[in-house]
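**Q** Have a look at this fold, sequence not included:
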Ligand SMILES: C[C@H](O)[C@H](O)[C@H]1CNC2=NC(N)=NC(=O)C2=N1
């Protein structure tokens, strides 16, 4: 069962993500990052790879794409906040 991040675990888990451009969403327990690509095909290709990991782990991003930009928000709806799954997916997205 996925659990909301505790005060003790969220620091160590989120800090490395803040270092790669993720940030907390205001007014909501979620993280967000905007990825920029050279063009639409690169952006959509990245989204396709990201979608396959999201589906594999049954954890899905909220995202918005225009041309070469993809804004991603991660949160765990089942716990109404951040869980380890969000950090795991964020780390994966950064490697794609
Ligand atoms: C029923 C299904 O397992 C759930 O709705 C899954 C699917 N994908 C999900 N994605 C995200 N981001 N949060 C969830 O809580 C979630 N739950």
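**A** Sure, I can see it. Remember, predicted model here, so these are calculated numbers, not experimental data.
**Q** Please make it C-alpha for all contacts and neighbour counts, starting now.
**A** Fine.
**Q** hang on, residue 90 in a helix?
**A** Yes. Looking at residue 90 with DSSP: H, G, I helix; E, B strand; the rest coil, it is inside a helix.
**Q** What separation do you get for residue 32 and residue 8?
**A** Distance of residue 32 to residue 8, computed by CA to CA, to the nearest Å: 21 Å.
**Q** Sorry, slip of the keys, the one I care about is residue 41.
**A** 40 Å.
**Q** Out of these two, name the residue with the larger neighbour count.
**A** Between residue 41 and residue 8, residue 41 has the larger neighbour count (other CA atoms under 10 Å), namely 12 against 8.
**Q** So what's the residue count around the residue nearest to that one when sequence neighbours are not counted?
**A** Once flanking residues are discounted, residue 41 sits nearest to residue 68: 7.9 Å by CA to CA, 6 or more residues apart in numbering. Neighbour count of residue 68, defined by other CA under 10 Å: 15.
**Q** now do residue 53
**A** Other residues lying near residue 53 total 17 when counted by other CA under 10 Å.
**Q** Read off the pLDDT value for it.
**A** Residue 53 is assigned 98 on the pLDDT scale.
**Q** For whichever strand or helix holds it, buried residues please.
**A** Assigned by DSSP states H and E, residue 53 falls within helix 40-56. Using 16 or more other CA atoms under 10 Å as the test for burial, helix 40-56 gives 40, 43, 44, 46, 47, 50, 51, 53, 54.
**Q** List the residues that contact the last one.
**A** Contact partners of residue 54, counting by CA atoms under 8 Å, 6 or more residues apart in numbering, are 60, 61, 89.
**Q** Count the neighbours of the first one for me.
**A** Translated: residue 60. By other CA under 10 Å, 21 other residues sit near residue 60.
**Q** Would you mind listing what in the chain touches the ligand?
**A** Within the chain, the positions near the ligand by CA under 6 Å from any ligand atom are 58, 59, 60, 61, 75, 76, 77, 78.
**Q** Which of these has the largest number of neighbours?
**A** Neighbour tally across these (other CA under 10 Å): the maximum, 25 neighbours, falls on residue 75.
**Q** any idea how far that residue is from residue 86?
**A** From residue 75 to residue 86 the distance is 6 Å (CA to CA).
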